[in-house]
Each structure stands twice: as C-alpha cells, then as structure tokens.
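Asks: Below: sequence and its predicted model.
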Amino acid sequence: MRGSMLRAMGIAVEPLVRKLNVVYLYVSDMDRSLRFYRDLLGIPLEGDGDWQEAALGGARFALHRSHEGIGELSSGTVHINLEVADVEAASERLRAAGLAVTEAVRDEWGAAVQVLDPDGYELYLFQPPS
C-alpha cells in the first residue's frame with residue numbers, strides 16, 4: 001500500500017525484488033526425484049545427493065533433499081508451471097511412464113495439464129498459445 005501511495009505522489013520506488021533467483025523443492029528421495037525431473041521431464045539438473053539445480057529461462061530450479069525440521073512435504077498453495085513445446089506430447093510421455101496426467105485445459109492463455117511429482121507436489125505443464 002505504501003509503495004503505491006508513494007508512486008501516486010510521484011516518488012520513484014525501486015522494487016525490492018529484482019528477479020526470481022531460485023525455486024527449489026524439498027524432496028524425500030533425491031534419486032526418485034531425479035528420475036522424474038531430470039530423466040522424464042528433461043530438466044538438466046546437476047549437483048549432489050543433497051542439492052541438484054538447473055538454469056531455466058533466467059532463473060534456477062533446484063531440488064533439495066528434505067531433512068529434519070522441514071516438516072511434511074505438500075503442495076500447499078505453491079503453483080509451478082513448467083513450460084513445454086507440446087502439452088499433448090508431454091502428456092503422452094508422462095502417461096507412458098505410468099503417471100496420471102489430467103486432460104489438457106485449453107484457453108486463450110495456452111494449454112496446461114497437471115501431474116504430481118514423487119512427493120505429491122502439483123506441477124502444471126504449460127504450453128503457451130501459438
């Protein structure tokens with residue numbers, strides 16, 4: 001509220017956040033998650049048994065091995081869209097690997113399907129409009 005008030009008064013306010021640095025998910029089994037994110041989805045993750053990361057579109061995406069004190073892993077209100085070139089081809093690949101994938105939702109904003117990762121995080125594979 002204060003920032004919008006200052007802008008309305010003509011005072012420039014520099015944003016505190018300049019860019020998205022890293023999004024990381026705590027995972028219960030790094031090998032299982034690597035099979036999903038790296039081997040199946042094709043995200044070029046690299047690292048060790050505790051941390052794996054990849055650059056995706058100017059930001060970093062990473063997996064962090066869960067540890068004591070983190071609590072129960074869940075999607076909560078996290079919404080992650082991973083962009084794909086062809087949502088139908090991506091869906092077929094995931095279904096062939098034995099995963100449940102929702103039917104594609106299509107609108108003027110593009111198309112998306114939902115899939116759960118090995119820890120139950122809801123992911124959306126998103127295809128921008130052509």
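Replies: Yep, it's here.
Asks: Distance from the chain centre to stretch 24-39, please.
Replies: 12 Å (C-alpha atoms, centre = their mean, to the nearest Å).
Asks: May I see the buried residues of that stretch?
Replies: 25, 27, 30, 33, 34, 36, 37, 38 (16 or more other C-beta atoms under 10 Å). Bear in mind the C-beta positions are built from the backbone N, C-alpha and C, glycine included.
Asks: part of a strand, is residue 114?
Replies: Yes: Residue 114 forms part of a strand when assessed by DSSP: H, G, I helix; E, B strand; the rest coil.
Asks: quick one: contacts for the residue lying closest to it once chain neighbours are set aside?
Replies: The shortest distance from residue 114 to any non-neighbouring residue, by C-beta to C-beta, 6 or more residues apart in numbering, is to residue 102 (4.4 Å). With contact set as C-beta atoms under 8 Å, 6 or more residues apart in numbering, residue 102 has these partners: 113, 114, 115.
Asks: In CSV: those residues, plus neighbour count and pLDDT.
Replies: Below are the contacts of residue 102 laid out as CSV (neighbours: other C-beta atoms under 10 Å; pLDDT from 0 to 100):
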residue, neighbour count, pLDDT
113, 21, 95
114, 14, 94
115, 22, 94
